[in-house]
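Visitor: need a 3D model of the sequence below.
(one chain, ligands or ions: 2)
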Amino acid sequence: MIQIKNLSFRYEDEMILKNINLNINEGSYTAIIGANGSGKTTLAKHLNSLLLPAKGSVIVDDIDTKKNPEKIREKVGFVFQNPEDQLVYSIADEDIAFGLENLGMETAKMRSTVSRIMKRLGIESLAKKNVNMLSLGQKQLVALAGILVMNPKYIVFDEPTTMLDNKNKKTIMAMIKKLNKNHIGIILVTNIIKDIKDSDKVIVLNRGRVSFYGNKSKLTKSVLKRAGLDV
Ligand SMILES: Nc1ncnc2c1ncn2[C@@H]1O[C@H](COP(=O)(O)OP(=O)(O)OP(=O)(O)O)[C@@H](O)[C@H]1O
Ligand SMILES: [Mg+2]
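Guide: Ligands and ions are numbered 1, 2, ... in the order given. Here you go, the predicted structure:
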């Protein structure tokens with residue numbers, strides 16, 4: 001479980017997250033929805049130690065994100081909006097192996113892990129391609145593969161489809177759903193109401209505060225409207 005307790009965060013003098021309290025269960029598919037600038041990315045980055053609370057705490061499976069960021073990043077993967085922010089090496093399979101290499105995994109095991117994950121995502125044919133030559137959708141899948149090789153328990157997707165065309169968007173959304181079926185906890189950040197369709201829980205952020213947290217079936221249009229979203 002991810003526990004967020006009395007979390008507040010500011011950049012310089014502006015309060016961005018205001019006393020957030022949430023528990024995100026293992027294996028759930030949780031959407032975080034809010035208007036531009038409502039604090040979604042700031043909150044999401046707290047889930048894997050990319051940002052640390054100014055006040056309060058974030059605890060992942062009993063580990064405080066402040067105490068052991070390396071361990072937290074193994075448990076919680078983070079897929080950025082722009083896959084180009086995530087790719088390190090120029091050859092796809094080398095890039096995917098990056099995290100395992102850092103862990104010091106033996107070469108044969110690393111290779112077999114990388115090819116198993118590429119197969120799972122249907123991107124085996126990209127193994128030796130230069131990532132700079134790939135489409136954005138393919139880059140996003142390579143970035144995701146680099147996270148899946150680490151065998152995370154949770155994955156945060158920060159608006160993973162905004163840069164993609166409809167076809168690639170469908171592929172990524174279907175993949176996210178499938179990962180959740182395979183028991184990976186999903187936290188999907190979005191500002192598009194349609195994108196929460198596969199989630200079971202929804203968090204609505206409105207100017208740094210949680211204005212709704214619960215089952216998607218309980219979410220009302222007025223909550224979304226008040227949060228500045230187009231319904
Ligand atoms: N590095 C930073 N330094 C200062 N202010 C920042 C920084 N990053 C974000 N902010 C501010 O924090 C607020 C929340 O930003 P955040 O990126 O979390 O919003 P968001 O909900 O993810 O928006 P979007 O939908 O546009 O991605 C915004 O007012 C933004 O200007
Ligand atoms: Mg954002």
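
Visitor: center of this protein, which residue is that?
Guide: residue 156 (1.5 Å; C-alpha atoms, centre = their mean).

Visitor: just list the residues touching it, thanks.
Guide: 44, 47, 48, 76, 77, 78, 79, 187, 189 (C-beta atoms under 8 Å, 6 or more residues apart in numbering). Glycine gets a C-beta too; all of them are placed from N, C-alpha and C.

Visitor: how far away is the third one from residue 107?
Guide: The span separating residue 48 from residue 107 equals 27 Å under the rule C-beta to C-beta, to the nearest Å.

Visitor: these two - which one has more neighbours?
Guide: Remark: of residue 48 and residue 107, residue 48 carries more neighbours, 24 against 10, as counted by other C-beta atoms under 10 Å.

Visitor: for the contacts of residue 156, which one is nearest ligand 2?
Guide: Ligand 2 has its nearest neighbour among the contacts of residue 156 in residue 189, at 6.4 Å by C-beta to the ion.

Visitor: around the closest one, how many other residues sit close by?
Guide: By the criterion of other C-beta under 10 Å, residue 189 has 23 neighbours.

Visitor: just say helix, strand or coil for it.
Guide: strand (DSSP: H, G, I helix; E, B strand; the rest coil).

Visitor: bridged to it, which residues?
Guide: Residue 189 has the following beta-bridge partners by DSSP bridges: residue 32, residue 158.

Visitor: isn't it right up against residue 38?
Guide: No. Using C-beta atoms under 8 Å, residue 189 is not in contact with residue 38; the gap is 10.3 Å.

Visitor: could you count how many residues lie near residue 128?
Guide: Neighbour count for residue 128, taken as other C-beta under 10 Å: 9.
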